[in-house]
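With the sequence up front, the predicted model follows.
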Amino acid sequence: MSALIFERVTSILFIINLIFAIAVVFLERRNPSTTWSWLMILYFIPLLGFVLYLFMGQDLRKKKLFKLKKEEELALYTILPEQSNINFLINTTHPNELVLKHSDFIRLNLNCDNASYTENNKIEIIDDGVKKFEALKKSLLEAEHFIHIQYYIFRNDGIGREIMDILKAKALKGVEVKLIYDGMGCIRTPNKFFAELSHCGGEIAEFFPPFLPYMNLRVNYRNHRKICVIDGVKAFIGGFNIGDEYAGFSKRFGYWRDTHLYLEGEAVDSLELRFLMDWSYASNSTFNYIERYFPKKQSFGTSIGIQIVSSGPDSHYSNIRNSYLDLISRAKSSIYIETPYFIPDDSILTALKVAALSGVEVNIIVPEKKDHPFIKWASLSYLGELIEVGVNCYYYQKGFVHSKLIMIDEELFSIGTANMDIRSFNLNFEVNAFIFDECNAKLLKEMLLCDIDKSIKLTKEQYQFRSLLVKFKEGVCRLLSPML
């Protein structure tokens with residue numbers, strides 16, 4: 001009798017695996033490496049593989065979930081004329097030489113993401129959590145008209161409550177406060193923490209709640225963006241979430257090395273529009289153009305070029321991935337990459353190899369501490385390949401490095417929310433600022449050189465003589481990397 005039951009259960013599992021294998025191969029247009037990874041999991045661990053696929057793998061509802069969102073956003077881009085101008089032409093007599101040099105890069109982001117190019121901007125690069133939160137709190141306290149704030153993680157801890165108390169106080173004084181938080185990123189933050197803001201007159205919206213009926217957990221399609229716009233004249237974007245650990249107060253991670261951007265000027269309008277489009281989707285409300293959200297900007301007399309580029313599962317192209325790829329391919333002398341998760345797709349990996357073999361100095365900084373064991377071993381496999389072609393790979397030692405940045409030739413760089421991994425490229429909603437400015441690029445290089453001084457270089461010898469256990473972990477995690 002037990003043998004018969006076992007046979008029936010085995011048959012049922014086989015049929016379920018077959019159905020999901022058909023879905024992976026024929027119904028979802030994945031890249032081959034991701035397809036093979038899921039097929040291996042379904043074959044070797046049928047029951048657990050089935051559960052993992054439901055939580056992390058199934059992709060069939062993506063188009064239905066985000067089709068309307070994308071259609072609405074394309075219409076909203078027409079609100080600001082300069083952002084709807086897909087056929088934007090670069091003036092060949094433009095005084096900014098970087099615009100002339102990288103006009104095709106600007107055009108790429110215009111065509112793929114309606115990303116307007118602006119120059120009347122002022123920026124400050126922030127590389128420390130304490131400095132970031134002091135600047136954020138100061139700007140929030142100075143708000144007079146509205147605060148639009150969006151974070152992937154918003155902790156109910158010391159820093160989180162400080163920021164929330166400011167938001168509540170501002171809302172009570174009549175300042176418009178809108179807050180978006182991601183359902184999965186804030187899964188450990190109690191709902192009442194956000195409800196307090198609503199009781200004070202603020203508005204809150206949860207992006208893509210993580211639970212569907214019957215406890216179907218939605219791990220993918222998370223809003224990983226971190227944006228704050230104050231009065232339409234100041235904005236923040238970058239890698240820091242809100243919580244004590246991001247100020248370096250975590251015993252597990254220690255010092256938290258991240259990079260954020262404070263900016264004023266015309267690029268603020270692009271971040272404001274990005275926020276409002278996310279707000280429309282998360283709050284299930286109709287977007288209404290309000291002129292006061294886009295006030296006239298003062299003239300800074302500067303020529304700091306910025307494009308705000310977004311990407312996500314609703315994008316037709318992998319916008320930020322394509323921008324990274326373009327940056328790597330146009331580098332002539334140097335490339336600097338700092339990222340907590342280095343799991344590139346084949347195109348990025350190949351581009352980095354080609355750059356190194358062409359004589360470009362390629363430097364990659366990742367944390368030695370990892371918040372994910374699978375990430376550590378998967379990253380090592382890719383870094384090992386790059387070391388073979390002369391790429392300089394560094395393990396940051398002081399704490400945990402969480403920056404999401406890339407810079408080429410000390411003139412063009414990006415700071416934002418997108419990691420150098422497949423999840424950020426394809427599954428998460430991300431936003432990055434691409435900046436054309438040599439002065440700030442030099443400042444950024446000094447920061448990166450300080451990080452390298454606090455790092456250990458991974459050598460060919462170390463990699464070649466790693467243990468069999470490390471090789472095994474590396475191989476398994478490399479196989480699973482398309483899903484990480």
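Great, that's in hand.

Nearest to the middle of the chain, which residue? Look it up for me.
Note on the chain: the residue nearest the mean C-alpha position is residue 418, at 2.4 Å, using CA atoms, centre = their mean.

Where does pLDDT dip in the chain?
Low-confidence segments of the chain (pLDDT under 70): 1-4, 6-95, 211-218, 480-484.

what's the domain layout of it?
Split into domains by automatic domain parsing, the chain comes to 2-60, 120-304, 319-483.

how far does the second one stretch from start to finish?
With CA to CA, to the nearest Å as the measure, the first residue of domain 120-304 is 7 Å from its last.

How many residues are close by residue 205?
18 (other CB atoms under 10 Å). Where C-beta positions appear, they are placed from N, C-alpha and C, glycine not excepted.

What segments of the stretch 151-300 of the chain are helices?
158-172, 191-199, 267-282 (DSSP state H, counting those that start in this stretch).

Output the contacting helices and strands for the helix or strand encompassing residue 446.
Element membership of residue 446, judged by DSSP states H and E, is helix 438-453. With contacts taken as 3 or more CB pairs under 8 Å, 6 or more residues apart in numbering; DSSP states H and E, helix 438-453 sits against strand 121-126, strand 334-338, strand 361-367, strand 392-396, strand 405-408, strand 412-416.

burial count for residue 164?
Number of residues near residue 164 (other CB under 10 Å) recorded here: 21.

my guess is it contacts residue 197, does it?
Yes. Between residue 164 and residue 197 there is a contact at 6.5 Å, judged by CB atoms under 8 Å.

if we can go back for a sec, kindly reformat the domains of the chain as TSV containing distance to residue 113.
Listed next are the domains of the chain as TSV, based on distance: least, CB to CB, whole Å:
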stretch	distance to residue 113
domain 2-60	21
domain 120-304	10
domain 319-483	5
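
Tell me which of those sits nearest to residue 107.
domain 319-483 (10.4 Å; CB to CB).

mind checking the SS state of residue 384?
Three-state assignment for residue 384 (DSSP: H, G, I helix; E, B strand; the rest coil): helix.

next one: residue 320
helix.

residue contacts, it?
Residues in contact with residue 320 (CB atoms under 8 Å, 6 or more residues apart in numbering) are 309-311, 416, 418, 424-425, 430, 432.

picking that back up, residue 116: which of the helices of the stretch 151-300 of the chain is closest?
helix 267-282 (6.0 Å).

Pull that closest one out as PDB, backbone CA atoms only.
C-alpha atoms of helix 267-282 as PDB (Å, rounded to 0.1, in the frame of the first residue of the first chain):
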ATOM      1  CA  ALA A 267      17.100  67.000 -12.800                       C
ATOM      2  CA  VAL A 268      14.900  67.200  -9.700                       C
ATOM      3  CA  ASP A 269      11.900  67.300 -12.100                       C
ATOM      4  CA  SER A 270      12.800  63.900 -13.500                       C
ATOM      5  CA  LEU A 271      13.000  62.400 -10.000                       C
ATOM      6  CA  GLU A 272       9.700  64.000  -9.100                       C
ATOM      7  CA  LEU A 273       8.000  62.600 -12.200                       C
ATOM      8  CA  ARG A 274       9.500  59.200 -11.400                       C
ATOM      9  CA  PHE A 275       8.000  59.400  -7.900                       C
ATOM     10  CA  LEU A 276       4.600  60.500  -9.100                       C
ATOM     11  CA  MET A 277       4.400  57.700 -11.600                       C
ATOM     12  CA  ASP A 278       5.200  55.100  -8.800                       C
ATOM     13  CA  TRP A 279       2.700  56.900  -6.500                       C
ATOM     14  CA  SER A 280       0.000  56.600  -9.100                       C
ATOM     15  CA  TYR A 281       0.600  52.800  -9.400                       C
ATOM     16  CA  ALA A 282       1.200  52.100  -5.700                       C
END
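
The helix or strand just after it pairs with which strands?
Downstream of helix 267-282, the next assigned helix or strand under DSSP H and E is strand 305-311. Strand 305-311 pairs in its sheet with strand 117-118 (antiparallel), strand 430-436 (antiparallel), by DSSP bridges.

export these to a markdown table and tack on mean neighbour count?
Converted to a markdown table, the strands paired with strand 305-311 look like this (neighbours: other CB atoms under 10 Å):
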| stretch | mean neighbour count |
| --- | --- |
| strand 117-118 | 23 |
| strand 430-436 | 26 |
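
Can you lay out those strands as TSV showing distance to residue 134?
Listed next are the strands paired with strand 305-311 as TSV, based on distance: least, CB to CB, whole Å:
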stretch	distance to residue 134
strand 117-118	27
strand 430-436	21
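
Nearest to residue 255, out of the contacts of residue 320: which one, please.
Checking those one by one against residue 255 (CB to CB), the nearest turns out to be residue 416, at 21.6 Å.

Number of residues surrounding the closest one?
30.

Is it bridged to anything, and to what?
With DSSP bridges as the rule, residue 416 is bridged to residue 432.

quick one: residue 271 and residue 234 touch, right?
No. Shown here, residue 271 and residue 234 do not form a contact pair, counting by CB under 8 Å, at 10.0 Å.

The two: who's more crowded?
For residue 271 versus residue 234, neighbours defined as other CB under 10 Å are more numerous around residue 271 (26 against 22).

Quickly list what the closest residue to that one other than its chain neighbours is bridged to.
Excluding the flanking residues, the one nearest residue 271 by CB to CB, 6 or more residues apart in numbering is residue 235, at 4.7 Å. Beta-bridge partners recorded for residue 235 (DSSP bridges): residue 229, residue 263.

Now do residue 235 against residue 136, distance only.
Distance, residue 235 to residue 136, by CB to CB, to the nearest Å: 11 Å.

before we move on, back to that, can I get the contacts of residue 320 in JSON lines with distance to residue 110?
Below are those laid out as JSON lines (distance: CB to CB, whole Å):
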{"residue": "309", "distance to residue 110": "10"}
{"residue": "310", "distance to residue 110": "13"}
{"residue": "311", "distance to residue 110": "14"}
{"residue": "416", "distance to residue 110": "18"}
{"residue": "418", "distance to residue 110": "19"}
{"residue": "424", "distance to residue 110": "22"}
{"residue": "425", "distance to residue 110": "20"}
{"residue": "430", "distance to residue 110": "18"}
{"residue": "432", "distance to residue 110": "15"}
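
what about residue 193, how many neighbours?
Residue 193, neighbours per other CB under 10 Å, totals 17.

which one of the helices and strands packed on helix 438-453 lies closest to residue 111?
Using CB to CB, the helices and strands packed on helix 438-453 put strand 412-416 closest to residue 111, at 17.8 Å.

circling back: and the helices and strands packed on helix 438-453: which comes nearest residue 100?
strand 412-416 (12.7 Å).

So which bits of stretch 191-204 are buried?
With burial defined by 16 or more other CB atoms under 10 Å, the residues of stretch 191-204 counted as buried are 193-194, 196-197, 200, 202-204.

Identify the farthest-apart pair in those residues.
Taking CB to CB, no two of those sit farther apart than 193 and 203, at 15.1 Å.

what separates stretch 134-148 from the chain centre, distance-wise?
Mean C-alpha position of stretch 134-148 versus that of the full chain (CA atoms, centre = their mean, to the nearest Å) differs by 23 Å.

List the contacts of that stretch.
With contact meaning CB under 8 Å, 6+ apart, stretch 134-148 is reached by 124, 126, 162-163, 166-167, 170, 175-178, 227-232, 234, 236, 262, 272, 275-276, 279, 292-293.

if I've got this straight, residue 424 is in a strand?
No. Assignment of residue 424 by three-state DSSP gives helix, placing it outside any strand.

Excluding chain neighbours, what is closest to it?
Using CB to CB, 6+ apart, the closest residue to residue 424 is residue 418 (4.3 Å).
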